[in-house]
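Next input, structure requested:
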Amino acid sequence: MADQAERVDRRARSGEGPPVAALAMGVEIADRVFPQDLRERLARSVELAPPLLSGPLTTPEARAVLAGTDVLVTGWECPPLTPEVLAGAPRLRAVVHAAGSVKPMVTEAVWERGIVVSSAADANADPVVAFTLAAVTFASKGALATAAAYASGWPSFTARAGADARTIGVIGASRIGRRVIAGLLAADTGCRVLLTDPYVRPEEAAGLGVELVDLAELCARSSIVTVHAPQLPETRGLLSADLLKLIPDGGAVINTARGSLVDTEALARECGAGRLDAFLDVTDPEPLPPDHALLHLPNVLVTPHIAGAQGSEVRRLGEFAVAEVERFVAGEELRGRLCREELDRLA
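Numbers count the residues shown, from 1 in each chain. Now for the predicted structure:
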């Protein structure tokens, strides 16, 4: 390992050979996202620097690796790339994030340095979309309340009625929101999809096959409301108590975006009264206190942020990141490249 590190350092300093890349993420995460075959593939296009950076990036050991790193492949548990960290990485030209959002990690200093940033968010999106569409199906069948009542006997047909899924409201035409819309329309269930998004123009909405409305109208007309907006100061509590009251009786709220977008206590009251069901993969706070009502209501399903890549799905993040590094080395356009201007609008 030491010999390899010295070789990488010599090549980095001399400028000879392929770019030098380093992995920065948790140890267990690296093992799952980058199994041995993917690391071997990555090493065919770059000189892969040891060791894995799995802790602070300001230690002497980390700085020794970063000093010769051209491409930093990051993942969950990677610390923020602060000015101090970047000062120790003078050669760094690209950050390829083998996960979803780069917001916790990429600081203004990264953009100011002109470092290329790419994210595997597209690879993480499909599992979230599948999770959301499954939640829509469960909501339309009233699956939660019916399952809870099953222990008392076989429910009648009328007791099994769920939300009227003919009108579904999508909050946010984000990367995931657009895929959810496409999935709903492709299912050919005859549902009408409403969309609210301040950045979408009417002609663009028409191209998506949805009706563009304001948030209040969306809530009033939709029996199932699914949230896909970004977390911003202005979107905190976006789905407020007053708006939740507009959703018709028997409706459902699905949130796979960020917990802060929904008024948690107001939603708990609506669900506690039996008026709404909820499918929540994110909450505010996260995690919820063990005694919180939402964790104990029969018509609410709370999952611990599992909608994104899990299990064998996480490998696709590594595959995307490796392919992205290959494109970077070849001078090709990056599929997951992000611009500072669009970051605030991303979910």
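
So which residues of the chain form strands?
Counting by DSSP state E, the chain has strands at residues 20-24, 47-48, 71-74, 94-97, 116-119, 167-171, 192-196, 211-212, 224-227, 251-255, 276-280, 300-302, 337-338.

Turn the ones you listed into JSON lines, including distance to Gln310.
All C-beta atoms are positioned from the backbone trio N, CA, C, and that covers glycine. Output for the strands of the chain, formatted as JSON lines (distance: least, Cβ to Cβ, whole Å):
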{"stretch": "strand 20-24", "distance to Gln310": "20"}
{"stretch": "strand 47-48", "distance to Gln310": "26"}
{"stretch": "strand 71-74", "distance to Gln310": "19"}
{"stretch": "strand 94-97", "distance to Gln310": "18"}
{"stretch": "strand 116-119", "distance to Gln310": "18"}
{"stretch": "strand 167-171", "distance to Gln310": "23"}
{"stretch": "strand 192-196", "distance to Gln310": "27"}
{"stretch": "strand 211-212", "distance to Gln310": "33"}
{"stretch": "strand 224-227", "distance to Gln310": "20"}
{"stretch": "strand 251-255", "distance to Gln310": "17"}
{"stretch": "strand 276-280", "distance to Gln310": "16"}
{"stretch": "strand 300-302", "distance to Gln310": "16"}
{"stretch": "strand 337-338", "distance to Gln310": "23"}
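
Present those strands as CSV; the columns should include mean neighbour count.
Listed next are those as CSV, based on neighbours: other Cβ atoms under 10 Å:
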stretch, mean neighbour count
strand 20-24, 25
strand 47-48, 22
strand 71-74, 28
strand 94-97, 25
strand 116-119, 23
strand 167-171, 27
strand 192-196, 22
strand 211-212, 18
strand 224-227, 28
strand 251-255, 28
strand 276-280, 26
strand 300-302, 20
strand 337-338, 18
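
need those strands in TSV with distance to Leu267 and mean pLDDT, can you?
Listed next are the strands of the chain as TSV, based on distance: least, Cβ to Cβ, whole Å; pLDDT from 0 to 100:
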stretch	distance to Leu267	mean pLDDT
strand 20-24	37	98
strand 47-48	46	97
strand 71-74	34	98
strand 94-97	31	98
strand 116-119	30	97
strand 167-171	14	97
strand 192-196	18	98
strand 211-212	25	98
strand 224-227	11	98
strand 251-255	6	97
strand 276-280	6	97
strand 300-302	9	98
strand 337-338	31	96
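
between the ones you listed, which one is nearest to Pro155?
strand 276-280 (15.1 Å; Cβ to Cβ).

Now do the closest one: which elements does it pack against?
Strand 276-280 sits against helix 121-140, helix 143-149, strand 251-255, helix 264-272, strand 300-302, with contacts defined as 3 or more Cβ pairs under 8 Å, 6 or more residues apart in numbering; DSSP states H and E.

What helices and strands are in contact with the last one?
Using 3+ Cβ pairs under 8 Å, 6+ apart as the contact criterion, the neighbours of strand 300-302 among helices and strands are strand 276-280.

The strand it packs on versus helix 264-272: what angle between them?
130 degrees (axes from the mean of the first three to the mean of the last three Cα atoms, to 10 degrees).

strands paired with strand 276-280, and their directions?
strand 251-255 (parallel), strand 300-302 (parallel) (DSSP bridges).

closest one to Arg179 among these?
Across the strands paired with strand 276-280, closest to Arg179 is strand 251-255 (Cβ to Cβ), at 14.1 Å.

now the closest one: how far from the chain's centre is it?
18 Å (Cα atoms, centre = their mean, to the nearest Å).

Stretch 319-333 too?
That offset, for stretch 319-333, works out to 21 Å (Cα atoms, centre = their mean).
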